[in-house]
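Trainee: Provided below are the primary sequence and the corresponding predicted coordinates.
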Amino acid sequence: MLERYENQPKLNLPNSIKIDDDFEARQFNAKDGMDIAKIAADVAVKKYIPWAIDVSDLQSAEEQIAKFDDQYEKGFSIRYGIYSNEDACVGYFGVWQNDSEPYSLETGSAILPGYRGRGLSNKCRSAIMQIAKQQGYKKLISFLEHSNQASRSMLLKAGYKPTGILNARGEEKYELSLQNE
């Protein structure tokens, strides 16, 4: 895994991001096992977020957080929980280096029912976009399953363009240029 990131700068994103007056994204840590388990238990999350398949209980959630921590320490990725002001975890937002395109970041998100439609993913993505642009990244990338209409609509609204390229899981690649037009 190290070889595929050797030409990338070490990812340098903040541990927390104020999303709006009611929500904050903050890096998952060892005490967040129950939050990861809650997110992974959602049927839509299991369908669209690959790591969620491996999380079924507190122990597997803590193991997943350890993987996230290892990737963070190596400068490859950061995984955020989206928390309300009441400290309830309502979603996930991840950023990681794309393994085939230098200076490109992939993003992925999942919001729990009851909190969808509030723009939380796009607000996280917008904050990350500004930081990534300042750090010299060229584009943001997301992959979507064909049936994920809500995320497709969200990405298109944010300015992403479909590429027609599919990954190994059959998900279509969407890109957002960070270069000045």
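Mentor: That came in fine, so what should we check first?

Trainee: helix, strand or coil for residue 130?
Mentor: Put simply, residue 130 is helix when judged by DSSP: H, G, I helix; E, B strand; the rest coil.

Trainee: average pLDDT across stretch 63-76?
Mentor: Summarised as a single mean, pLDDT over stretch 63-76 is 92.

Trainee: got a list of contacts for it?
Mentor: 1-2, 5, 9-12, 27-30, 32-33, 36, 40, 51, 54-55, 77-79, 96-97 (CB atoms under 8 Å, 6 or more residues apart in numbering). (Glycine included, C-beta is placed from N, CA and C.)

Trainee: could you export stretch 66-76 as CSV, CA atoms only?
Mentor: What follows is stretch 66-76, C-alpha atoms only, in CSV (Å, rounded to 0.1, in the frame of the first residue of the first chain):
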residue,chain,number,x,y,z
ALA,A,66,-7.7,1.2,14.1
LYS,A,67,-7.4,0.9,10.3
PHE,A,68,-8.6,4.5,9.9
ASP,A,69,-6.0,5.6,12.5
ASP,A,70,-3.2,3.7,10.7
GLN,A,71,-4.1,5.3,7.3
TYR,A,72,-4.2,8.7,9.0
GLU,A,73,-0.8,8.3,10.6
LYS,A,74,0.7,7.4,7.2
GLY,A,75,-0.9,10.5,5.7
PHE,A,76,-3.2,8.6,3.4
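
Trainee: tell me what the helix or strand bottoming out on mean pLDDT in the chain is packed against?
Mentor: For the chain, counting by mean pLDDT, DSSP states H and E, helix 43-48 ranks last in confidence among helices and strands (a mean of 86). Using 3 or more CB pairs under 8 Å, 6 or more residues apart in numbering; DSSP states H and E as the contact test, the elements touching helix 43-48 are strand 104-111.
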